[in-house]
Each structure stands twice: as structure tokens, then as C-alpha cells.
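Colleague: Got a predicted structure here, sequence first:
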Amino acid sequence: MRLDFYLSHVTELARKAAKIAAAKGRVTVNGEVVKKANHRVLETDHICLDGEPLAWPTEGYYLLHKPAGYVCANEDPEHPIVLDLLPNHLGQKLNIVGRLDKDTTGLLLLTTDGQWLHRITSPRHVCPKRYYVKLKDVISQQSIEQLEAGVLLRGESQLTKPAEVEWLSEKEIYLTIQEGKYHQVKRMLASVGNKVEQLHRDRIGPLQLDKNLPLGEYRALTAQEIAFF
Ligand code: URA
């Protein structure tokens, strides 16, 4: 991997700062000063910054309790982005696993591991996601059955995959879906003539959002949780 990319992974330096650090002669590879940011480093190299040895990067896996008002994007001219909720050196390296709408709250995963991300988001892998849905109108038994069997979303030619509905009250359900189409939950409820007033994701596969993790806070996943996917 390139030296600047490596440095930005294992230190708090962003990519540009890493290039500058190397150009200033602060980096050695196997005892030799290396100034070129595009120098290729290997896991077997002994790399130091300011004389301090650095480790080979490990992948990062995090869970965030997304608050409303933040967008799932790497940049946005108008709104705060979820990556703003992490320290700079972490946010710059992480990819967002799937998307939640700006007004949706709940469980959001972030990782540096592309294959892991793919296993959660790819339509080829079944990974159920559970949403708490607060509705504008009372939900009927017929609507529940339609949602469970599959509904035709506006602009789509195929029914949604079978979903699971857990009735909580007249205007509240848990909806577990296996896909991640654009605005899927809102569009599913619209297709049965209802409207989502509040949406919160609390589960992805077997991984549940911590009950005591405050809105806007994040934590690293455990090795066991990483292995879920
Ligand atoms: N479905 C939606 O409509 N919105 C989300 O944020 C997630 C799923």
C-alpha cells in the first residue's frame, strides 16, 4: 500500500498531513528516510514516524447511534454528516454501511473493511434489518398481511421480499425487511396507504443497538459482533 495511505490509517494524520510528514523526512522504512508519499510499504517493513515504530493497520468496525438531522454521506453542503460524529482521524477512514435517511435514527455501521460492508449491503446476502415504525394512521390487519407478503413499490416492477411485521400498537410496528431499497420502509407503508411519522433502526442481523448508547455516540464492535457478518 502507498506510504501516505498507510500513515493515514495507523496515525492521526490525514492523507495530506501524512504526505507532508514524509516530505519533511519524518518517516523511515527499514531505517531509511522515505520522502515519497507513493512509496509502497509492505507488512514486513519496519516503519517509524519521528523514530516511533508503527504497527500494520487493522480494520475498523464501529456502531453509531445515528441522531435525526445527520445525513449518511461523505460530504454535504447543507447538512451535518454522520462522519462528523466521529473523531476526525476515524471519520476520514470509515465507510458507511448502507444508508439511513436524514430523519431516521438508530443503528448505523461504519467500517474500513470493504468485504464485510458488502456482506451486509449486497442483495445477494440475506441480512434482515429491523425498524421501529411510528405511523400516521392506524394499521389494519390487511395492511400487515400485505407488507408481510410483499408490496409493489412505486416505480418498481417486482414485489418487495417477504417481510416480518410485529404489531406494537394501533400506530406502531416493528418491520423487518431483507432488502435496502431507496426509502424502502417509507415507500412500503405508502403503498398500503399509510405514512411513516418516525423511523428508527434497532437491529441489523443479530446485532442490536445498545439500549444505553446515547444518540450521537459510537463504539467499536467486539470480535464476536464482527463475526456475525
Ligand atoms: N427505509 C426508509 O424509508 N428510510 C430509512 O432511513 C431506512 C429504511
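Modeller: It's in.
Colleague: Now do the lengthiest strand in the chain: everything it contacts.
Modeller: The longest strand of the chain (DSSP state E) is strand 196-204. Under the criterion CB atoms under 8 Å, 6 or more residues apart in numbering, residues 100-101, 103-109, 120, 127-136, 171, 176, 185-186, 189, 208-209 lie in contact with strand 196-204. (Glycine included, C-beta is placed from N, CA and C.)
Colleague: got the buried residues for the lowest-mean-pLDDT helix or strand in the chain?
Modeller: Lowest by mean pLDDT, DSSP states H and E among the helices and strands of the chain is helix 88-91, with a mean of 81. Residues of helix 88-91 classed as buried: 90-91 (neighbour count, 16 or more other CB atoms under 10 Å).
Colleague: so what's M1 up against?
Modeller: 40-41.
Colleague: Per-residue confidence, it, what does it come out as?
Modeller: At M1 the predicted local confidence, pLDDT, stands at 86.
Colleague: Could you give the number of residues near the residue nearest to W116 when sequence neighbours are not counted?
Modeller: Spatial nearest neighbour of W116, excluding adjacent residues (CB to CB, 6 or more residues apart in numbering): F229 at 5.9 Å. Neighbourhood size, F229 [other CB atoms under 10 Å]: 22.
Colleague: my read: F229 touches R119, true?
Modeller: Yes - taking CB atoms under 8 Å as the definition, F229 is a contact partner of R119 at 4.9 Å.
Colleague: Now list whatever residues contact both of those two.
Modeller: Shared contacts of F229 and R119 (CB under 8 Å, 6+ apart): C127.
Colleague: Next secondary structure after the least confident helix or strand of the chain?
Modeller: Beyond helix 88-91 on the C-terminal side, the first helix or strand identified by DSSP states H and E is strand 95-97.
Colleague: What values do phi and psi take at R40?
Modeller: phi -80, psi 130 (degrees, to the nearest 10).
Colleague: For it, give me its contacts.
Modeller: Contacts for R40 (CB under 8 Å, 6+ apart) come out as 1-3.
Colleague: Filter those residues down to the ones in strands?
Modeller: In strands, judged by DSSP E, none of the contacts of R40 are found.
Colleague: For the residue nearest to I226 when sequence neighbours are not counted, which residues count as its bridge partners?
Modeller: Nearest residue to I226, sequence neighbours excluded (CB to CB, 6+ apart): Y61, at 5.0 Å. On the basis of DSSP bridges, Y61 is bridged to T111.
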